[in-house]
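Peer 1: below is the sequence, then the predicted model.
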Amino acid sequence: MDGSAPSFGPSQRLDFELELGAFVGTASDLARSVPIGAAANYIFGYCLLNDWSARDIQAWEAQPLGPFLGKNFATTISPWVVTVEALAPFQTAAFARPEGDPAPLPYLDDAQDRAHGGLDITLEAYIATEAMRRDGVAAHRLTQSSFAQMYWTFAQMITHHASNGCNFEIGDLIGSGTVSGPEPSSWASLLELTSGGSKPLALPNGEQRTFIEDGDEITFRGFCAKPGCARIGFGECRATVQPAG
């Protein structure tokens, strides 16, 4: 994918996307919308989610087709479903949009969601190359971000997804989209962290990365913590990239 003409083969620009996943716990009816005021009640719980991306394939597909092979090959989630009830102490106001940004359309706006639709969850991504693991070098943190900075709430996602009559089934999994913050240390993909591959990242053992390579292990961690509340973790979302067969 690096030449002037496209080629067919394994991705050379594999990337992670640090996301939160939401599991649907209540089915909705086909051809019926879900009001924004009720949308949060459709979520049972949450997990960490790595929405792997083949950036070279994704870029080539995007204009004529949309994301097909660039996104369809793998998704990794953490082992635990953390329930809505467990996260209730960590609800927070939805992200405050910058002045001048358009307001959500009325069907996506709700006072309760504005006041409590956010979640104060810290999310992190780590890399451990094959050489790092062999030599006993600790995994290197690539990013730390907060889900409280997400532009859209999960309730808004539920309502918008169902607004054309598409129904939800129990167990459906919704990805939040990349949880990137405003600072470089909170950018939640290598595409952002390396400026599209133009600025390699230096790792503790002297290796560099622009994108993920064979043998690299990517681990997500997430937790909620504040005074007076028990710390809640999500379990690690971990996967090691194997060579293409």
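Peer 2: Cool, the structure landed.

Peer 1: any buried residues in the lowest-mean-pLDDT helix or strand in the chain, and which?
Peer 2: The least trusted helix or strand in the chain, going by mean pLDDT, DSSP states H and E, turns out to be helix 55-62, with a mean of 91. Within helix 55-62, the residues that qualify as buried are R55, D56, I57, Q58, A59, W60, E61, counting by 16 or more other C-beta atoms under 10 Å. To be clear about C-beta, it is placed using only N, CA and C from the backbone, and glycine gets the same treatment.

Peer 1: so F168 sits against S28, correct?
Peer 2: Yes. Judged on C-beta atoms under 8 Å, F168 makes contact with S28 at a distance of 4.5 Å.

Peer 1: joint contacts of the two?
Peer 2: Common neighbours of F168 and S28, counting by C-beta atoms under 8 Å, 6 or more residues apart in numbering, are V34, Y42, A162.

Peer 1: report pLDDT for the last one.
Peer 2: Model confidence at A162, expressed as pLDDT, equals 98.

Peer 1: just give the nearest non-adjacent residue to it, would you?
Peer 2: Distance criterion C-beta to C-beta, 6 or more residues apart in numbering; nearest residue to A162, sequence neighbours excluded, is V34 at 4.2 Å.

Peer 1: quickly find the element holding that neighbour.
Peer 2: For V34, there is no host helix or strand (DSSP states H and E).

Peer 1: so which elements touch the helix or strand following the least confident helix or strand of the chain?
Peer 2: Later in the chain than helix 55-62, the nearest helix or strand by DSSP H and E is strand 76-77. In terms of contacts (3 or more C-beta pairs under 8 Å, 6 or more residues apart in numbering; DSSP states H and E), strand 76-77 is packed against strand 43-50, strand 237-240.

Peer 1: could you report the pLDDT at M1?
Peer 2: On the pLDDT scale, M1 is placed at 50.

Peer 1: let me see the mean pLDDT of stretch 30-39.
Peer 2: The average of the pLDDT scores along stretch 30-39 is 98.

Peer 1: in that stretch, which residues are buried?
Peer 2: Buried residues in stretch 30-39, counted by 16+ other C-beta under 10 Å: S33, V34, I36, A39.

Peer 1: what about the third one, distance to R97?
Peer 2: Here I36 is placed at a distance of 16 Å from R97 (C-beta to C-beta, to the nearest Å).

Peer 1: now the helices for this structure?
Peer 2: Under the criterion DSSP state H, the chain contains helices at 36-39, 55-62, 111-116, 130-134, 154-162, 190-193.

Peer 1: would you reformat those helices as a markdown table and include distance to F90?
Peer 2: Formatted as a markdown table, the helices of the chain follow (distance: least, C-beta to C-beta, whole Å):
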| stretch | distance to F90 |
| --- | --- |
| helix 36-39 | 19 |
| helix 55-62 | 32 |
| helix 111-116 | 11 |
| helix 130-134 | 32 |
| helix 154-162 | 14 |
| helix 190-193 | 25 |
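
Peer 1: wait, isn't L87 in contact with F223?
Peer 2: No. If you go by C-beta under 8 Å, L87 and F223 don't touch, sitting 11.1 Å apart.

Peer 1: shared neighbours, these two?
Peer 2: I121, I232.
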